[in-house]
Structures are given as structure tokens and as C-alpha cells.
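S.K.: just need the structure, nothing else, for what follows:
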Amino acid sequence: MSKLKWHGKADPTFLTAVETPRILAAAGDPICKKMMKHLRLHKENQLIIPGLDEADESFASFDSLSVRDRIALTRSAIVQYRFQMLNSLALDTGFRNVLDLGAGMTSRGASFSSGGINYVGGDLPLTTHLMEKEMNRYAASAPGLLAYLSVDVTNPAYCMAAARQLGSPLCILTEDLLEGLTEDEKGLLLQNIQAILREHGGCWISLYPWQNALEEIFTLAIHSSNPIFLSSEKEEKVFSSVPGFLEEPISFYSEEVLERMSVWQFLGEAQKRALKEGLSDFTAVKVTLDPDSAPLEVKRRSCVAEESGSMLMLVNGILYVKLVGRLDSISTPDLLESFEKLVANEEIKSIRVDAASLDYISSAGLRILMKMIKRSENKTIRVIGASEEIMEIFRKTAFADWMEFS
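M.R.: Alright, predicted model coming up:
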């Protein structure tokens with residue numbers, strides 16, 4: 001099985017990254033159409049949207065659709081609107097630099113860079129590897145920077161490295177990234193965003209935690225032609241409780257964006273009116289940095305295992321391990337010593353291993369990973385960037401049972 005298919009079956013994060021370009025391609029986005037075809041995802045991930053796809057010739061009206069097709073059309077409307085609105089809000093800042101964390105696989109980077117906006121998309125290794133290859137066709141002729149980097153959003157070094165590809169000030173986008181993070185991971189992401197804004201200036205635009213509310217507006221308006229008003233539920237600010245953050249609501253409504261959606265022409269007048277009424281007071285969040293605030297306190301320790309060059313860093317209870325070269329009986333004693341010194345009397349909530357630079361792991365190396373697993377609270381390791389050969393070793397030795405792969 002190819003690495004692409006293996007990840008697609010095993011990693012829900014990758015499946016999420018593919019969903020948006022599938023919908024945008026089916027809705028007519030030319031870049032996403034080419035992308036899905038070049039990556040050979042257009043057949044096994046085919047999405048038929050009633051009335052929009054060439055393969056569908058039976059569409060008469062929304063009322064004539066099956067429940068399944070109505071859900072597909074509604075989902076398409078939500079994804080199209082959210083994607084285009086975030087693009088619009090980023091452009092409205094006037095900043096020429098966009099850092100897109102949890103970027104997924106969309107046409108945003110090509111669109112921004114072709115307009116002279118410097119764009120860096122950060123995501124997990126498989127996604128960024130595919131996007132980097134696909135976007136090369138646009139990067140050469142684009143007046144703006146277009147780059148994709150492997151970024152673990154909870155890791156400060158990765159986040160800052162991605163931000164430093166850009167100038168200042170910058171706009172940070174996270175789309176639906178926070179929905180998939182634990183509370184501890186969200187805390188680390190907030191620290192990293194604050195550190196980026198402290199160095200570069202600019203703002204962070206987020207829909208969190210109102211993504212579900214947006215979906216409710218679309219679902220109720222399209223399926224029952226009734227508007228839903230949520231402004232009273234959104235009075236409480238989310239990020240202002242984080243020391244150093246200033247938060248302000250920004251309108252997430254545009255009649256122009258609504259009417260540009262490819263599904264708009266198939267909605268009835270009552271549905272259109274309900275959508276406009278429901279979205280008229282809907283807001284996203286714009287977060288900036290309080291210039292008088294002190295940096296958030298981060299508890300961080302790190303070390304390097306000199307024999308192998310592997311690096312370990314403990315940040316607020318999250319252990320980051322970057323494995324390098326060969327992890328065998330020669331290099332593991334030094335790594336074990338470094339690990340035990342680093343985590344002595346420290347709590348380990350979870351472990352993230354970057355295996356992109358790991359060439360080989362022996363039984364001695366596996367024993368080190370098991371020691372790490374036993375020391376962690378959740379008794380698992382999240383592995384990113386592992387080659388097919390390394391993943392095969394994990395599967396054959398049943399270590400995959402204790403691992404999550406990205």
C-alpha cells in the first residue's frame with residue numbers, strides 16, 4: 001500500500017485535509033480540480049454535489065433531492081462560504097503576509113501568492129509534502145512567496161520557523177484547527193501564536209469556537225428555510241481571558257460571498273432570505289497583542305543526544321522528540337540518558353515524535369520508545385513524518401498499537 005493511501009486510511013487528520021479541496025473542486029475551483037487530479041485523489045475521493053457535478057444529470061430542485069444529497073449540498077455551502085470569507089477577512093487586514101496553520105490542501109496559497117501576498121502554509125508532513133509538490137507549478141510565476149512547511153502547531157520551534165519565512169506584520173489563520181486539539185494542545189498553540197505576534201505584529205483571525213454555530217445557521221436555513229440567530233450566545237469573549245490577548249468581533253457576513261457560492265443558484269428565495277438573516281450578525285474573532293502585556297510563562301527544557309543528534313524538548317508537560325539517523329544499540333544509550341535527565345521528576349502529559357529524519361530503528365530503539373510511552377499519562381505517542389520503512393517496522397512489532405501517525 002502506498003504511503004498516501006496508508007495515511008488516508010489511518011489518519012483522520014489527513015482525511016480532513018482532503019475534504020475541503022474535494023468540495024471546492026466539485027464546486028468548480030480550477031486549482032483544486034487540477035490538484036485532486038494530479039494527486040490522483042479525484043476518483044477515490046470523488047464527491048458528487050447535486051446540480052454542480054458533470055456526473056449528475058438528475059438535479060431538478062433542492063426539494064427533489066434525497067436526504068443524503070441535501071446534506072452534501074449543505075456541506076458544500078458551508079465549506080465554500082467559510083473558505084471564501086476567511087480569505088476575504090485576511091485580505092481586509094491589508095497585511096502582505098499570511099501564515100496559515102493547519103492549512104490543509106486548498107487553493108488559498110496559490111490564490112494569495114498570485115495576488116502578491118506572501119503565504120506560508122503549515123500542516124503535518126504528508127499534507128505539506130503533497131502541497132509543496134503541487135504548488136511548485138504556481139510558485140515560479142507568483143509575485144508573492146508561496147511555501148508549505150511541516151509544522152506541529154504545538155511546537156514553538158516549528159511555528160516560529162514558519163513565521164520567520166514571512167515579513168511583518170502578518171495575519172495568522174487557523175480555520176478549523178482548534179477543533180481537533182486537546183485543551184493542553186490548545187494552550188500550547190495560543191502560546192505559540194502569541195510569541196509570533198510579539199515578534200512580527202499583526203493579528204490572528206479565528207472562527208473558534210463558533211464553527212458549529214455557523215453550520216447550524218446553514219443547516220437550519222437550507223433545510224427548513226428558518227433563520228437562526230446566535231449573537232446573544234456569542235457575547236462571552238474567548239481569548240481575552242488569555243493574558244496578553246486583545247479580542248474584537250469582526251463581521252463574518254458578506255452578501256457578495258454568499259451569492260458567489262456555486263450552490264446559491266439552486267436555493268429557493270426563502271432559503272436565501274433565511275441564510276442572509278441568520279448570518280447578518282454572525283462574527284469571527286480578530287485577536288491582537290496587548291503591547292503592555294508580559295509574555296506568557298512557558299516551562300521549557302531541552303537537550304541533544306550527542307551520539308545520534310536526536311533532540312528532546314519538554315514544553316509544559318509535552319515531550320517533543322526529533323529522531324535523527326540510526327537509532328540502534330550504539331546510539332540508544334546516549335538517548336536514554338538524555339531522556340532520563342530531561343524528564344526526571346517531571347510530568348509528561350503526551351509525546352510527539354518527529355521521525356522525518358529517522359533512517360532506521362532497531363529493537364534497542366523501540367525499547368527507548370516504550371520507556372517513553374510508560375512515562376506518559378496517555379500511554380501513546382504521536383508520530384509525524386515517518387517513512388514507509390519505519391512505519392512497517394512499527395506495524396510488524398505491534399508498536400503501531402501505541403502510536404498515532406500523521
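
S.K.: give me the neighbour count for residue 192.
M.R.: 27 (other CB atoms under 10 Å). C-beta: built from backbone N, CA, C; applies to glycine.

S.K.: an error on my part: the question was meant for residue 255.
M.R.: Counted with other CB under 10 Å, residue 255 comes out at 12.

S.K.: what about residue 67, how many neighbours?
M.R.: Other residues near residue 67 come to 8 when the count uses other CB under 10 Å.

S.K.: ditto for residue 307
M.R.: 15.

S.K.: check which helix or strand covers it.
M.R.: Assigned by DSSP states H and E, residue 307 belongs to no helix or strand.

S.K.: residues touching the nearest residue to it once chain neighbours are set aside, list them.
M.R.: Nearest non-adjacent residue to residue 307, counting by CB to CB, 6 or more residues apart in numbering: residue 334, 3.7 Å away. Applying CB atoms under 8 Å, 6 or more residues apart in numbering to residue 334 gives the contacts 305, 306, 307, 308.

S.K.: distance to residue 157 for the residues you listed - can I get that in a markdown table?
M.R.: Below are these laid out as a markdown table (distance: CB to CB, whole Å):
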| residue | distance to residue 157 |
| --- | --- |
| 305 | 17 |
| 306 | 19 |
| 307 | 22 |
| 308 | 18 |
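
S.K.: need the buried ones from the residues you listed selected in ChimeraX.
M.R.: This is how ChimeraX selects the buried members of those, with burial counted by 16 or more other CB atoms under 10 Å:
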select :305,308
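
S.K.: between the contacts of residue 334, which sits nearest residue 286?
M.R.: residue 305 (42.5 Å; CB to CB).

S.K.: just list whatever residues bridge to that closest one.
M.R.: Following DSSP bridges, residue 305 is listed with bridge partners residue 310.

S.K.: can you pull the contacts of it?
M.R.: Contacts of residue 305 by CB under 8 Å, 6+ apart are 311, 312, 331, 334, 335, 337, 338.

S.K.: from those, which ones fall inside strands?
M.R.: Cross-referencing the contacts of residue 305 against strands under DSSP state E gives 311, 312.

S.K.: need the buried ones from the contacts of residue 305 selected in PyMOL.
M.R.: Buried residues within the contacts of residue 305, by 16+ other CB under 10 Å, are selected in PyMOL with:
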select buried, resi 311+312+331+334+335+338
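
S.K.: hmm, who's touching the helix or strand containing residue 188?
M.R.: Using DSSP H and E, residue 188 sits within helix 183-200. Applying CB under 8 Å, 6+ apart, the external contacts of helix 183-200 come out as 97, 99, 101, 153-156, 159-160, 163, 166-170, 172, 174, 177-178, 181, 203-204, 239, 242, 244-245, 287-289, 295-296, 298, 315-318, 349-350.
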